[in-house]
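> sequence and predicted model, in that order:
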Amino acid sequence: MNIEEFNELLEQRFEKTRNVLVVKNKEYGLDEDVLHSFRDQADMSMHNTPPAVAWELLVKHLYSIRRMVSEFEATGMPPTTELTDEKIGDAINYLVLIEALFKRTSSY
(Lines give C-alpha, C1' and ligand atoms only; values in the text may rest on other atoms or scores of the structure.)
Protein backbone atom coordinates (compact mmCIF):
# COMPACT_ATOMS: atom_id res chain seq x y z
CA MET A 1 0.00 0.00 0.00
CA ASN A 2 1.47 3.33 -0.98
CA ILE A 3 1.05 6.60 0.93
CA GLU A 4 -1.83 7.82 -1.23
CA GLU A 5 -3.75 4.58 -0.73
CA PHE A 6 -3.09 4.70 3.01
CA ASN A 7 -4.24 8.32 3.24
CA GLU A 8 -7.43 7.40 1.37
CA LEU A 9 -8.03 4.50 3.78
CA LEU A 10 -7.53 6.89 6.68
CA GLU A 11 -9.98 9.46 5.29
CA GLN A 12 -12.58 6.79 4.59
CA ARG A 13 -12.20 5.40 8.13
CA PHE A 14 -12.62 8.83 9.73
CA GLU A 15 -15.71 9.52 7.63
CA LYS A 16 -17.24 6.12 8.46
CA THR A 17 -16.47 6.61 12.15
CA ARG A 18 -18.10 10.02 12.15
CA ASN A 19 -21.19 8.77 10.32
CA VAL A 20 -21.71 5.74 12.56
CA LEU A 21 -21.27 7.75 15.75
CA VAL A 22 -23.75 10.39 14.58
CA VAL A 23 -26.38 7.76 13.75
CA LYS A 24 -25.79 5.74 16.94
CA ASN A 25 -25.87 8.88 19.10
CA LYS A 26 -29.34 9.59 17.78
CA GLU A 27 -30.34 6.00 18.58
CA TYR A 28 -28.79 5.61 22.05
CA GLY A 29 -28.06 9.07 23.38
CA LEU A 30 -30.02 12.13 24.21
CA ASP A 31 -29.44 15.52 22.64
CA GLU A 32 -28.19 16.90 25.94
CA ASP A 33 -26.05 13.84 26.79
CA VAL A 34 -24.86 11.58 23.99
CA LEU A 35 -23.21 9.32 26.59
CA HIS A 36 -26.44 8.80 28.55
CA SER A 37 -26.82 5.12 27.68
CA PHE A 38 -23.45 4.23 29.23
CA ARG A 39 -24.51 5.75 32.54
CA ASP A 40 -27.80 3.87 32.39
CA GLN A 41 -26.06 0.62 31.52
CA ALA A 42 -23.69 1.01 34.49
CA ASP A 43 -26.77 0.73 36.71
CA MET A 44 -27.70 -2.59 35.05
CA SER A 45 -24.22 -3.96 34.45
CA MET A 46 -21.60 -5.70 36.55
CA HIS A 47 -19.53 -2.53 36.05
CA ASN A 48 -19.70 0.56 38.20
CA THR A 49 -18.74 3.25 35.71
CA PRO A 50 -19.71 4.21 32.17
CA PRO A 51 -16.10 3.81 30.88
CA ALA A 52 -16.05 0.24 32.22
CA VAL A 53 -19.33 -0.47 30.41
CA ALA A 54 -17.89 0.92 27.18
CA TRP A 55 -14.73 -1.15 27.70
CA GLU A 56 -16.78 -4.33 28.04
CA LEU A 57 -18.62 -3.54 24.82
CA LEU A 58 -15.27 -2.84 23.11
CA VAL A 59 -13.88 -6.19 24.24
CA LYS A 60 -16.40 -8.15 22.17
CA HIS A 61 -15.19 -6.33 19.04
CA LEU A 62 -11.55 -6.85 19.98
CA TYR A 63 -12.29 -10.55 20.43
CA SER A 64 -13.79 -10.66 16.93
CA ILE A 65 -10.72 -8.91 15.51
CA ARG A 66 -8.45 -11.36 17.32
CA ARG A 67 -10.38 -14.24 15.73
CA MET A 68 -10.08 -12.59 12.32
CA VAL A 69 -6.30 -12.33 12.77
CA SER A 70 -6.07 -15.95 13.97
CA GLU A 71 -8.10 -17.20 11.03
CA PHE A 72 -5.90 -15.20 8.65
CA GLU A 73 -2.79 -16.72 10.19
CA ALA A 74 -4.22 -20.22 9.89
CA THR A 75 -5.62 -19.96 6.37
CA GLY A 76 -3.94 -17.02 4.68
CA MET A 77 -7.42 -15.82 3.73
CA PRO A 78 -8.27 -12.30 4.87
CA PRO A 79 -11.72 -11.63 6.31
CA THR A 80 -14.31 -10.03 4.08
CA THR A 81 -14.16 -6.30 3.56
CA GLU A 82 -17.56 -5.99 5.21
CA LEU A 83 -16.49 -7.85 8.36
CA THR A 84 -13.20 -5.96 8.60
CA ASP A 85 -14.96 -2.63 8.10
CA GLU A 86 -17.56 -3.42 10.74
CA LYS A 87 -15.28 -4.76 13.47
CA ILE A 88 -12.43 -2.26 13.01
CA GLY A 89 -14.98 0.54 12.85
CA ASP A 90 -16.79 -0.61 15.98
CA ALA A 91 -13.51 -0.88 17.92
CA ILE A 92 -12.47 2.63 16.90
CA ASN A 93 -15.89 3.99 17.80
CA TYR A 94 -15.76 2.47 21.29
CA LEU A 95 -12.28 3.91 21.82
CA VAL A 96 -13.64 7.35 20.91
CA LEU A 97 -16.58 6.84 23.28
CA ILE A 98 -14.26 5.80 26.12
CA GLU A 99 -12.22 8.94 25.54
CA ALA A 100 -15.42 11.02 25.61
CA LEU A 101 -16.50 9.36 28.83
CA PHE A 102 -13.16 10.18 30.45
CA LYS A 103 -13.48 13.81 29.34
CA ARG A 104 -16.90 14.25 30.90
CA THR A 105 -16.75 16.88 33.59
CA SER A 106 -19.71 15.70 35.62
CA SER A 107 -19.40 12.82 38.04
CA TYR A 108 -20.59 9.32 37.30
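Looks like it arrived, so ask away. Residues are numbered from 1 along each chain as shown.
> I'd guessed Phe102 sits against Pro51; true?
Yes: counting by Cβ atoms under 8 Å, Phe102 touches Pro51, with 6.1 Å between them. Just so you know, the C-beta spots here come from the backbone N, C-alpha and C atoms, and that holds for glycine as well.
> what residues are up against Ile98?
51, 54-55, 58 (Cβ atoms under 8 Å, 6 or more residues apart in numbering).
> again, only this time at 10 Å
Applying Cβ atoms under 10 Å, 6 or more residues apart in numbering, we find Ile98 in contact with 38, 50-55, 57-58.
> quick one, which of Phe102 and Pro51 is more surrounded?
Applying other Cβ atoms under 10 Å to Phe102 and Pro51 shows that Pro51 carries more neighbours, namely 20 against 10.
> what's the helix or strand for that one?
Secondary structure from DSSP states H and E places Pro51 in helix 50-75.
> run through the neighbouring helices and strands of that helix.
helix 36-44, helix 81-103 (3 or more Cβ pairs under 10 Å, 6 or more residues apart in numbering; DSSP states H and E).
> worst average pLDDT in these?
Among the helices and strands packed on helix 50-75, helix 36-44 has the lowest mean pLDDT, at a mean of 80.
> of the contacts of Ile98, which pair is most distant in space?
Pro50 and Leu58 (12.5 Å; Cβ to Cβ).
> so which of those two has more stuff around it?
Pro50 (24 against 18).
> worst-scoring helix or strand of the protein, pLDDT-wise?
One helix or strand of the chain scores below all others by mean pLDDT, DSSP states H and E: helix 36-44, with a mean of 80.
> appreciated, that's everything.
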